[in-house]
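**Student:** Just need the structure, nothing else, for what follows:
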Amino acid sequence: MLGAAPGVGKTYAMLEEGRRLRAQGKDVVVAVVETHGRAATKAMTAGFEIIPRARISHRGVELEEMDLDAVLARAPGYALVDELAHTNAPGLAHEKRWRDVETLLDAGIDVISTVNIQHIESLNDVVQQITGVPQRETIPDAVLREADQIEVVDLAPQALRDRLSEGVVYPAARIDAALSNYFRLGNLTALRELALLWLADEVDSSLQKYRAEHGIGQKWEARERVVVALTGGPEGETLIRRGSRIAARSAGGQLLAVHVTSQDGLRDTNPGALAAQRMLVESLGGSFHQVVGSDVPEALVQFARASNATQLVIGVSRRSRLAALLTGPGIGATVIRESGDIDVHIVTHSAAAGSRISLPRSRGSLTIRRRVYGFVLALVGGPLLTWLLASMRNDDSITSDVLSYQLLVVVVALVGGIWPALFAAVLSGFTLDFFFVDPLYTVTVDEPFHLLALILYVVIAVLVSIVVDQAARRSRAARRSAAESELIASVAGEVLRGQDAFQAFVSRTREAFGLTGVRILVGDRVLAADGEPAGTGVGDSASGRAGGAASGSGDDSVDRVPVNDEAVLELHGRALQSSDRRLLSVIVAQLASALANADLEETAREMAPLAAADKVRSALLAAVGHDLRRPLAGATAAVTGLRTSGASLSDDDRDELLDTAETSLKSLTDLLTNLLDVSRVQAGVLAVNLQPVDLVDLVPATLDELEVGPAEVDLDIPTDLPAIQADPVLLERVLANLLSNAMKYSPAGRRVVIAASAFHDVVQIRVIDAGKGVPEDRRDDIFVPFQRLGDTDNTTGLGLGLALAKGFVEGMNGTLEFEETPLGGSTMVVTLQAVTS
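**Tutor:** Numbers count the residues shown, from 1 in each chain. The predicted model follows:
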């Protein structure tokens with residue numbers, strides 16, 4: 001029985017299995033069962049034959065262990081052996097209980113046992129990282145893997161915490177510390193996942209062995225295995241993260257990254273990028289693999305099939321359309337064709353065309369590339385069309401010849417715009433006249449009608465070219481408007497999602513305008529930057545003229561655009577066109593608003609302490625009239641009584657007045673001391689002397705100061721607790737405040753508990769009472785000065801105890817928090833750094 005944590009029900013499940021076997025007539029005995037005082041578990045042992053335990057005396061303490069010889073002598077069919085990872089007492093045949101189990105197995109006795117996931121040797125360090133608790137009792141993985149059957153006893157983390165809170169797992173004194181340390185919800189969730197994944201890996205190993213033994217090569221989708229193909233290019237991180245998200249969608253999904261190297265080692269890769277991507281894969285819980293192959297698609301598919309992969313993630317090709325046209329289908333198309341039943345994801349990335357938010361340049365209606373293509377089409381298509389028409393020429397073909405050349409002009413206009421179309425119109429007009437209009441092979445025209453047709457032919461070509469040019473211009477403007485809207489929406493979205501507003505501005509601005517670098521300067525301070533600026537510092541860009549003027553030329557231009565009286569947006573790279581500056585003005589306006597908001601937030605943060613101080617002063621003035629007046633009035637009345645009636649007072653009356661005066665003056669002194677301490681805490685001038693402090697020595701001194709004995713307080717402080725980094729004087733006052741507060745509200749007959757435990761690199765001190773607790777709507781107020789639950793007597797004070805304690809603890813780089821005691825009451829948790837060396 002494998003469990004994620006103590007208390008999930010492993011022993012109970014083992015006894016249930018024993019009962020089932022007994023019902024089938026099997027010979028089952030209890031070799032050793034640890035009930036840990038749980039009534040339900042003890043009740044399950046009823047009816048079993050229980051082998052008496054061996055009694056071992058060790059250092060004056062009598063220990064009970066499983067009697068291995070007695071079990072061997074009894075020779076049952078099945079033996080129930082609890083806690084497989086248990087360490088035996090010195091003097092027994094084996095140091096570990098799992099060795100005893102091996103002996104029972106060698107004797108032909110089947111064993112049903114229990115173990116927690118934290119006791120598996122290979123997971124020991126992982127469990128310690130999760131829980132902060134080292135495990136000294138472990139068993140080798142091979143021992144567990146040799147089991148004929150492994151059953152996980154699973155329980156939801158919150159259900160286990162509920163069982164713990166109800167006192168089913170641990171005694172009441174240990175519940176609060178357990179819930180706040182080992183049994184945290186996050187710890188239990190991680191341990192549960194670890195147990196399930198470990199078992200899933202074992203089942204997967206069995207499945208792989210079965211497939212290998214039976215020669216099964218077909219993919220079985222028992223779990224998601226995502227293979228990510230890496231080239232060492234800049235798209236690698238995007239592909240890895242996408243693959244990780246795909247793998248995470250199903251429980252137990254695996255991430256595998258693979259890089260294919262050529263057999264001759266000549267394939268161009270970036271070793272540094274591959275190393276960084278390997279670290280990213282491993283940080284996401286995946287594994288990195290490198291295979292050798294001359295055919296990349298074939299190597300990828302073979303690796304995916306060998307890994308029983310269900311999904312393959314590759315990046316979209318970085319080649320241009322022309323390169324793809326000349327070199328044929330790329331790796332992606334081949335992988336898709338060869339992948340068979342493996343799903344292939346082609347992921348776009350920033351290195352691919354069209355994946356970044358960039359603005360189309362406003363430099364005419366059509367690009368230079370399209371104009372060149374138009375001229376090439378006219379120069380190549382014209383002679384080919386002439387050769388084709390000349391080979392089929394007859395007396396009645398002039399009409400079809402004219403229409404064919406007209407079609408060529410229209411196609412050239414659609415591709416290259418007006419100038420290639422005019423060139424094609426003039427060229428085809430002369431060609432038509434030279435080869436197809438009488439007299440042939442001359443540029444003269446005999447009939448005016450033919451001349452009119454040629455002129456109309458050129459006019460039609462020009463009109464079609466103009467229409468195409470205007471359509472291209474409008475299309476380009478629409479694309480630019482869409483890109484501008486996407487840019488503004490992207491910046492606004494990143495700000496709303498909580499990302500750094502200024503970093504979002506510079507990143508998107510550089511990306512949109514295709515700049516080498518963008519910076520926001522406030523005076524000489526760089527508020528945010530992205531990319532590589534043309535210079536190395538602010539002074540390097542000082543040559544740029546304010547007001548949006550640019551210095552430099554070409555790709556070395558530096559533009560400094562004022563945002564407000566102090567901030568400047570500095571643009572490095574190409575000189576911006578007038579159409580770009582319209583959008584830039586919108587970005588600058590948004591940036592100015594963001595800077596104004598940042599200034600307002602800074603002002604609000606600066607005003608917050610002043611508002612808090614005003615609130616404290618108001619509370620102080622309200623409290624002085626109530627709490628300070630009473631001890632003053634008591635002391636004054638007592639002294640006045642002694643002066644006016646001192647001679648006629650009895651000894652008992654005189655002593656009572658003196659006690660009243662002393663009590664009132666002491667209360668007044670304590671109140672003034674606390675007020676001064678609160679002032680020092682809030683002014684940030686609290687003197688703290690941090691040094692290693694041993695709680696074993698400090699707590700008794702605190703109890704002596706309060707005159708509290710063992711009848712009123714229970715101590716649960718481990719002797720091996722590490723020292724803590726604290727100021728002993730302040731920590732003693734903190735504990736005194738918390739302890740006196742707990743004793744005040746704890747009901748009669750219920751003792752206050754002071755418990756301590758280590759967790760990772762911190763030590764937590766708990767002061768636990770069983771009182772009525774704190775209402776949920778008041779829990780945020782108990783650490784605020786001058787806050788009390790109900791009215792108090794003359795010795796209570798101003799409600800500064802918890803406020804002072806919190807200030808002292810935070811001054812020692814710790815925290816003070818409230819927790820509800822599971823069985824009723826309040827728990828104050830002091831967390832301080834442990835001394836690690």
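
**Student:** Let me see the contact set for Arg510.
**Tutor:** The contact partners of Arg510, by C-beta atoms under 8 Å, 6 or more residues apart in numbering, come to 516-518, 530-531, 573. (Each C-beta comes from the backbone N, C-alpha and C, glycine too.)

**Student:** hmm, try it at 6 Å
**Tutor:** 518, 530-531 (C-beta atoms under 6 Å, 6 or more residues apart in numbering).

**Student:** Give me the buried subset of these.
**Tutor:** 518, 530-531 (16 or more other C-beta atoms under 10 Å).

**Student:** Just put the residues you listed in JSON lines and tack on pLDDT, distance to Gly25 and secondary structure.
**Tutor:** As requested, these are exported to JSON lines (pLDDT from 0 to 100; distance: C-beta to C-beta, whole Å; DSSP: H, G, I helix; E, B strand; the rest coil):
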{"residue": "Val518", "pLDDT": "85", "distance to Gly25": "82", "secondary structure": "strand"}
{"residue": "Asp530", "pLDDT": "79", "distance to Gly25": "77", "secondary structure": "strand"}
{"residue": "Gly531", "pLDDT": "73", "distance to Gly25": "79", "secondary structure": "strand"}
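
**Student:** ok, so what distance separates Ala805 from Thr399?
**Tutor:** 104 Å (C-beta to C-beta, to the nearest Å).

**Student:** quick one: which of those two has more around it?
**Tutor:** Ala805 (24 against 8; other C-beta atoms under 10 Å).

**Student:** What helix or strand is the more buried one located in?
**Tutor:** Assessed by DSSP states H and E, Ala805 sits inside helix 801-811.

**Student:** Mind listing what's buried along that helix?
**Tutor:** In helix 801-811, counting by 16+ other C-beta under 10 Å, buried: 801-809, 811.

**Student:** From start to finish, how long is stretch 568-582 in a straight line?
**Tutor:** Terminal residues of stretch 568-582 are spaced 17 Å apart (C-alpha to C-alpha, to the nearest Å).

**Student:** got the buried residues for it?
**Tutor:** Those would be 568-576, 579-580, for stretch 568-582 by 16+ other C-beta under 10 Å.

**Student:** Next SSE downstream of the helix holding Ala805?
**Tutor:** Following helix 801-811 toward the C-terminus (DSSP H and E): strand 815-820.

**Student:** Quickly run through the sheet partners of that next one, with directions.
**Tutor:** Looking at strand 815-820 with DSSP bridges, its partner strands are strand 826-833 (antiparallel).

**Student:** Average pLDDT for the helix holding Ala805, rounded please.
**Tutor:** The average pLDDT for helix 801-811 rounds to 77.

**Student:** now the angle from it to strand 826-833?
**Tutor:** On the basis of axes from the mean of the first three to the mean of the last three C-alpha atoms, to 10 degrees, helix 801-811 is oriented at 20 degrees to strand 826-833.

**Student:** Could you name the helices and strands sitting against helix 801-811?
**Tutor:** helix 651-683, helix 728-745, strand 815-820 (3 or more C-beta pairs under 6 Å, 6 or more residues apart in numbering; DSSP states H and E).

**Student:** contact partners of stretch 282-292?
**Tutor:** 244, 255-261, 263, 278, 281, 299, 303.

**Student:** Identify, from these, the entry nearest to Ala13.
**Tutor:** Lowest distance from Ala13 to these (C-beta to C-beta) belongs to Leu255, with 33.3 Å.

**Student:** List the contacts of the closest one.
**Tutor:** 226, 243-244, 247, 286.

**Student:** and which of the buried residues of stretch 568-582 is nearest Trp419?
**Tutor:** Ser579 (21.9 Å).

**Student:** and Ser404, what helix or strand is that in?
**Tutor:** Going by DSSP H and E, Ser404 is in helix 398-416.

**Student:** Can you list the buried residues in that helix?
**Tutor:** Result for helix 398-416 [16+ other C-beta under 10 Å]: buried residues 398, 401-402, 404-406, 408-416.

**Student:** which residues of the stretch 401-550 of the chain fall in strands?
**Tutor:** 517-522, 525-531, 550-551 (DSSP state E, counting those that start in this stretch).

**Student:** Adding distance to Lys772, write these out as a markdown table.
**Tutor:** Formatted as a markdown table, the strands of the stretch 401-550 of the chain follow (distance: least, C-beta to C-beta, whole Å):
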| stretch | distance to Lys772 |
| --- | --- |
| strand 517-522 | 54 |
| strand 525-531 | 53 |
| strand 550-551 | 73 |
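
**Student:** Could you identify which of those strands has the lowest mean pLDDT?
**Tutor:** strand 550-551 (a mean of 47).

**Student:** following that one, which helix or strand shows up next?
**Tutor:** Per DSSP H and E, the helix or strand that comes after strand 550-551 is strand 557-562.

**Student:** List the neighbouring strands of that following strand plus their orientation.
**Tutor:** By DSSP bridges, strand 557-562 pairs with strand 550-551 (antiparallel), strand 567-573 (antiparallel).

**Student:** Taking their axis directions, that strand and strand 517-522 sit at what angle?
**Tutor:** 30 degrees.

**Student:** what comes into contact with the helix holding Ser404?
**Tutor:** Residues contacting helix 398-416 (C-beta under 6 Å, 6+ apart): 370-371, 373-374, 377-378, 381, 385, 389, 420-421, 424-425, 428, 432, 436, 461, 464-465, 468.

**Student:** Which members of those residues are positioned in helices?
**Tutor:** 370-371, 373-374, 377-378, 381, 385, 389, 420-421, 424-425, 428, 432, 436, 461, 464-465, 468 (DSSP state H).

**Student:** Got a ChimeraX select line for the buried ones in the residues you listed?
**Tutor:** To isolate the buried ones among the ones in helices among the contacts of helix 398-416 in ChimeraX, judged by 16+ other C-beta under 10 Å, type:
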select :371,373,374,377,378,381,385,389,420,421,424,425,428,432,436,461,464,465,468
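
**Student:** Please identify the deepest-packed of the strands of the stretch 401-550 of the chain.
**Tutor:** strand 517-522 (a mean of 21; mean count of other C-beta atoms under 10 Å).

**Student:** which other residues reach that strand?
**Tutor:** Contacts for strand 517-522 (C-beta under 6 Å, 6+ apart): 502, 506, 509-510, 526-533, 566-572.

**Student:** Right, I'll leave it there.
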